[in-house]
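Any chance you can model this:
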Amino acid sequence: MVVTKLLELTPVPADMQLIAEYLDAIWMEKGLSDNTQESYRRDLAQFALWLNQQGQQLISADLALIQEYLNVRLQKKLSSRTSARFLSCVRGFYRYLLRENRISENPVALVDNPKLSRPLPKSLSETDVEALLAAPDLSDPIGLRDRTMLEVLYACGLRVTELVELTMPQINLRQNVVRVMGKGSKERLIPMGEEAAVWLVRYLREARPVLLNNMPDEVVFPSARAQPMTRQTFWYRIKHWAMVAGIKKELSPHTLRHAFATHLLNHGADLRVVQLLLGHSDLSTTQIYTHVAKLRMKQQHAQHHPRG
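Have a look, this model is predicted:
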């Protein structure tokens, strides 16, 4: 039986209550972002729906049921990475129930994670980035806003969510730094560089008052309707300007963040400094960019060395 879409049905109240209690508990313990909590809620709710269709509930699930559900996901050709995320979520959920003495054993304890191939992050060359930054129409307030957002995104390596949620108190133009609250409510200060600061000053003077219709608001980059911008809206804007710039490479919401990290390493930045700028809690997460930088160096060697 296929996994029923969350929008079509709702798990039984007892399961919804358990999910809510678990999310409240991990929010208190780990301070997970809203996006992560919503992913956990969706994964657990879909699992609960499937269990309900088998006449079971979350608290009564055993190893056989979980393995059967994983097989259902496999038949739907969901990626191993998606399944790994689900297993991580459900492991934590049943550890919580075990700790709270709601169950006597963790049914996921013996389930192995699927093997993951770690893909290299999608990035852009420095030439591509320059073309993308130059694409917006600066005669239009929205174009100037988009140019400034792209400049700040590339200069600071922000996550898209961090960019669209920026407020005026987070920006210090005297020191040219941005204060960001990242994943797990971890704060970091990021230098934005002179170029991004120049664009930001121009945008704040010329375009932002027009977009806000001179109404007071703390959001730095409002939408055309003077509302906070969504991640989806800004991602649509990036794809639009990439098309204008003639960039045919496949992009992702993190493309400029990846370019930020890769270009820093290409120019000799220390890996731990890049880790701090990106807000990674684990250096191993940042190390994947060294592979991108090494690949770039090999390409440059092959292209420019007489014996390449």
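
Next, the contact list for the residue positioned nearest the centre of the chain, please.
The centroid of the chain falls nearest to residue 159 when counting by Cα atoms, centre = their mean (6.0 Å). Counting by Cβ atoms under 8 Å, 6 or more residues apart in numbering, residue 159 touches 182, 183, 254, 257, 279. Placement of C-beta: from N, CA and C, glycine included.

Give me the phi and psi for it.
phi -70, psi 150 (degrees, to the nearest 10).

ok, now how distant is it from residue 223?
Distance of residue 159 to residue 223, computed by Cβ to Cβ, to the nearest Å: 19 Å.

distance between stretch 199-210 and the chain's centre?
Relative to the centre of its chain, stretch 199-210 is centred 27 Å away, using Cα atoms, centre = their mean, to the nearest Å.

So for it, what gets flagged as buried?
Buried residues in stretch 199-210, counted by 16 or more other Cβ atoms under 10 Å: 199, 200, 203, 207, 208.

Wait, the fourth one touches residue 146, no?
Yep, that's residue 207 we're talking about. No - Residue 207 is beyond contact range of residue 146, at 9.6 Å (criterion: Cβ atoms under 8 Å).

So residue 108 lies in a strand, does it not?
No - Residue 108 is assigned coil when assessed by DSSP: H, G, I helix; E, B strand; the rest coil, not a strand.

ok, how many other residues are close to it?
As a burial measure, residue 108 scores 19 neighbours (other Cβ atoms under 10 Å).

can you tell me how far it sits from residue 169?
Taking Cβ to Cβ, one finds residue 108 at 43 Å from residue 169.

cool, residue 162 as well?
Counting by Cβ to Cβ, the gap between residue 162 and residue 169 amounts to 14 Å.

what's the domain layout of the protein?
Listed domain ranges for the chain are 13-99, 126-304 (source: automatic domain parsing).

Now mean pLDDT too, for those domains, in TSV please.
Shown next, in TSV, are the domains of the chain (pLDDT from 0 to 100):
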stretch	mean pLDDT
domain 13-99	84
domain 126-304	84
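
ok, which stretches of this structure are helices?
Applying DSSP state H to the chain gives helices spanning 13-30, 34-53, 63-75, 80-99, 126-133, 141-156, 160-164, 193-206, 208-211, 231-244, 255-266, 271-278, 283-304.

can you put the ones you listed in TSV and add distance to residue 177?
Converted to TSV, these look like this (distance: least, Cβ to Cβ, whole Å):
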stretch	distance to residue 177
helix 13-30	27
helix 34-53	25
helix 63-75	44
helix 80-99	33
helix 126-133	21
helix 141-156	9
helix 160-164	14
helix 193-206	9
helix 208-211	19
helix 231-244	22
helix 255-266	15
helix 271-278	11
helix 283-304	20
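
and of those, who's closest to residue 176?
Counting by Cβ to Cβ, residue 176 lies closest to helix 193-206 out of those; the figure is 4.6 Å.

just checking, what packs against the closest one?
Where contact means 3 or more Cβ pairs under 8 Å, 6 or more residues apart in numbering; DSSP states H and E, helix 193-206 is packed against helix 141-156.

ok, back up a step: residue 162 and residue 169: who's more crowded?
residue 162 (22 against 9).

The more buried one against residue 180, yeah?
Yes - using Cβ under 8 Å, residue 162 is in contact with residue 180, at 5.0 Å.

Apart from its chain neighbours, what residue comes closest to residue 155?
Leaving out its chain neighbours, the residue that sits closest to residue 155 by Cβ to Cβ, 6 or more residues apart in numbering is residue 196, at 3.7 Å.

got the contact list for that neighbour?
148, 151, 152, 154, 155, 156, 176.

what do you get for residue 110?
Contacts of residue 110 (Cβ under 8 Å, 6+ apart): residue 63.

Report the separation between the residue nearest to the centre of the chain and residue 18.
For residue 159, the distance to residue 18 equals 30 Å [Cβ to Cβ].

Equivalent analysis for residue 193, please.
With distances taken as Cβ to Cβ, residue 193 is found 48 Å from residue 18.

Between these two, which is the more surrounded one?
Here residue 193 and residue 18 are compared on neighbour count by other Cβ under 10 Å; more neighbours surround residue 18, at 22 against 14.
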